[in-house]
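In: fold the stuff below for me.
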Amino acid sequence: MNAAASLRKFSNAVGEINQNISHTGAVHSYDDAELRAFTEYINDNLSGDPMCAKYLPVIMTQLFEKIKDGILLIKLINVSVPGTIDERVMNKAPKNEFQMRENHDLALMSASSIGCRVVNIGANDMLEGTNHLVLGLMWQIIRIGLVKGVNLQIHPGLVKLLKEGEDLKDLTKLSPEDLLIRWVNYQLEKAKRTKRISNFGDDIKDSEAYVYLLNEIAPAEVKPLLANPDSIMSKGDLAERADLALDSADKMNCRKFVTPKDVVEGKTKLNMAFVANLFNNYPNLGEDETQPEEDTETREEKMFRNWLNSQALGTPPGTKTPWNAPYINDLYSGLADGLIILAIIDRIKPGTVEWKKVVFPPFHPIRKEIHSRQNCKYAISYAKTLPGMKLDTSSGGDDIYDQREKLVLGLMWQLMRCYTKGILDNLNKDQEGSADVDLFIINWVNCVLEQKGKSYRIKDFKDKTIRNAMPILELIDSIKEDVIDRSIIKEDAKSQADLLNNATLAVNWGRKIGARIYALPDDIVEGNHKMIMTIFACLMERGLQNY
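Out: Prediction:
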């Protein structure tokens, strides 16, 4: 048996469910198949990075130990969303647990900023290699990277997946997973097959979808190398059939994520990842004559979307109808049934929402609009009861359902302010109930800067001195010493490049000290006072934890 065959035999055997017991006594499980797949993904995607040479190749039994210093997690995030982390700010050769913890804080806060659900996960979990939490976070990061191209902006040919009576807006409402399922079915239809799938589990187990999908999307020069699809399907043994299908994928350099065992067992995550990788390499949508569309999502929309996604929202324990918020792919359609807004309101002020009045999916097709509008009306009525809410008098539940962008953004901003105020109140009981959250934050910032002997002060969040990021950088230094490196800061920054340099460092160092910053460097440079307020609020939250 050659080396490749031996490795394949080992991979096929992997797939056992392992269990570990947490310090609380809870039993958590993780799947060896996911451990194998994520390890291979790290090896494939980081092999060309000189900084990662000493870690690679990672073998399964080493993964939890090798992520201990945070370097691989930081690199993995930048593979999925390039530029998320400025690698100048990480501890490149951490010498102790303190520096490793800083790297993990940087990674976790950055993961949150791109929409990962980083709730009840901390640097300690990463340092200790808590298996199910490490793999859960890795999956979220990998998934974001795999599906970021499954959209109309990058692949306008996806319009071919529209069904009768649908328009582009309907397509934007679909999750990447739903789009990939439609894509598979579109290719199967082109191949003149009757097989259709509706999931990446049971519908994949017989390999029929893969066999004909691969044959359909293979480039002309590769197709002669593939086994005949009908010949593969004649095999009665499902594992043998899956192995032959994956041999075809191998000839297309796409044998990733799954083994025959994973296919036959219908492992949903890994099969979705396999299909996403196929789509990214061979979309086969005839896009040569179609120009990519411009990405229309604003930074503000993206920030709100990532903020909500990172919260792991749902109904509180004990609710008659348990519900967990789905991942939001489009801000407006994702909020249109009112449920996520109700959940964030209840997170801001627990017990506000009377959940027994709320209607949950699956909605009856005929009554979906009625129930969704009713939920949205509940959301507005509950939002008005939150301390400090200043809703436009013209705002109503119908605005949410009808996706009126300006009014939805206004509501989201007010909710984010209330959320921020609630966190700060909990950390600083002396100021609890302060009506003006902006003044509350500004006074704290200036007080800390003065106490630490810094020369900067801010008048408000529109203060032009903030645009070179120096007040933010000095505040970070005041909260936690020896984090910032002044040698790479442009203290007299005036050019766009220097301003952006400082702003990028401020956002990254803020995350490194554990501040959950969702805003982007451009928001600082452009003087976006709403986003700047959130940066100072996040730093204040982190700073109050020191006292």
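In: now do Leu135, the pLDDT please.
Out: As predicted, Leu135 sits at a pLDDT of 97.
In: again with Val353
Out: On the pLDDT scale, Val353 gets 97.
In: my read: it touches Ile345, true?
Out: Yes: with contact defined as CB atoms under 8 Å, Val353 reaches Ile345; the gap is 6.0 Å. C-beta coordinates here come from the backbone N, C-alpha and C atoms, glycine included.
In: who touches both of those two?
Out: Residues touching both Val353 and Ile345 (CB atoms under 8 Å, 6 or more residues apart in numbering) are Tyr382.
In: run through this protein and note the low-pLDDT ranges.
Out: Within the chain, the stretches with pLDDT under 70 are 1-28, 287-295, 393, 429-435, 547.
In: by contact count, what packs against the longest helix seen in the chain?
Out: Ranked by residue count under DSSP state H, the longest helix found in the chain is helix 405-427. Packing contacts for helix 405-427, counted by 3 or more CB pairs under 8 Å, 6 or more residues apart in numbering; DSSP states H and E, involve helix 299-309, helix 331-335, helix 339-348, helix 368-383, helix 397-401, helix 437-451, helix 529-544.
In: in a markdown table, list the ones you listed along with distance to Thr172.
Out: As requested, the helices and strands packed on helix 405-427 are exported to a markdown table (distance: least, CB to CB, whole Å):
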| stretch | distance to Thr172 |
| --- | --- |
| helix 299-309 | 12 |
| helix 331-335 | 7 |
| helix 339-348 | 17 |
| helix 368-383 | 17 |
| helix 397-401 | 16 |
| helix 437-451 | 33 |
| helix 529-544 | 24 |
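In: buried deepest among these, which one?
Out: helix 339-348 (a mean of 23; mean count of other CB atoms under 10 Å).
In: and the longest helix of the chain, what's buried?
Out: 407-425, 427 (16 or more other CB atoms under 10 Å).
In: now do the helices in the stretch 151-300 of the chain.
Out: 168-172, 176-190, 208-217, 229-233, 238-251, 260-264, 268-281, 299-309 (DSSP state H, counting those that start in this stretch).
In: compare those helices and report which one is nearest to Lys512.
Out: helix 299-309 (18.4 Å; CB to CB).
In: report all helices and strands that that closest one contacts.
Out: Using 3+ CB pairs under 8 Å, 6+ apart: helix 299-309 touches helix 331-335, helix 405-427, helix 529-544.
In: need the ones you listed in TSV with distance to Leu213, can you?
Out: Compiled in TSV, the helices and strands packed on helix 299-309 are given as follows (distance: least, CB to CB, whole Å):
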stretch	distance to Leu213
helix 331-335	28
helix 405-427	37
helix 529-544	43
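In: tell me which of the ones you listed lies nearest to Phe461.
Out: helix 529-544 (4.1 Å).
In: in PDB, list the C-alpha atoms belonging to that closest one.
Out: Output of helix 529-544 as PDB, limited to C-alpha atoms (Å, rounded to 0.1, in the frame of the first residue of the first chain):
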ATOM      1  CA  HIS A 529     -19.100  60.000  14.800                       C
ATOM      2  CA  LYS A 530     -21.500  57.100  15.400                       C
ATOM      3  CA  MET A 531     -18.800  54.500  14.800                       C
ATOM      4  CA  ILE A 532     -16.300  56.500  16.800                       C
ATOM      5  CA  MET A 533     -18.700  56.600  19.700                       C
ATOM      6  CA  THR A 534     -18.800  52.700  19.600                       C
ATOM      7  CA  ILE A 535     -15.000  52.500  19.700                       C
ATOM      8  CA  PHE A 536     -14.700  54.700  22.800                       C
ATOM      9  CA  ALA A 537     -17.600  52.900  24.400                       C
ATOM     10  CA  CYS A 538     -15.900  49.500  23.800                       C
ATOM     11  CA  LEU A 539     -12.700  50.800  25.300                       C
ATOM     12  CA  MET A 540     -14.600  52.300  28.200                       C
ATOM     13  CA  GLU A 541     -16.200  48.900  28.800                       C
ATOM     14  CA  ARG A 542     -12.700  47.300  28.800                       C
ATOM     15  CA  GLY A 543     -11.300  50.100  31.000                       C
ATOM     16  CA  LEU A 544     -13.900  49.800  33.600                       C
END
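In: could you check the angle helix 299-309 makes with it?
Out: Note on geometry: by axes from the mean of the first three to the mean of the last three CA atoms, to 10 degrees, helix 529-544 and helix 299-309 are set 40 degrees apart in direction.
In: for helix 529-544, name the packing helices and strands.
Out: Looks like helix 529-544 contacts helix 299-309, helix 405-427, helix 437-451, helix 470-479, helix 496-512, helix 521-525 (3+ CB pairs under 8 Å, 6+ apart).
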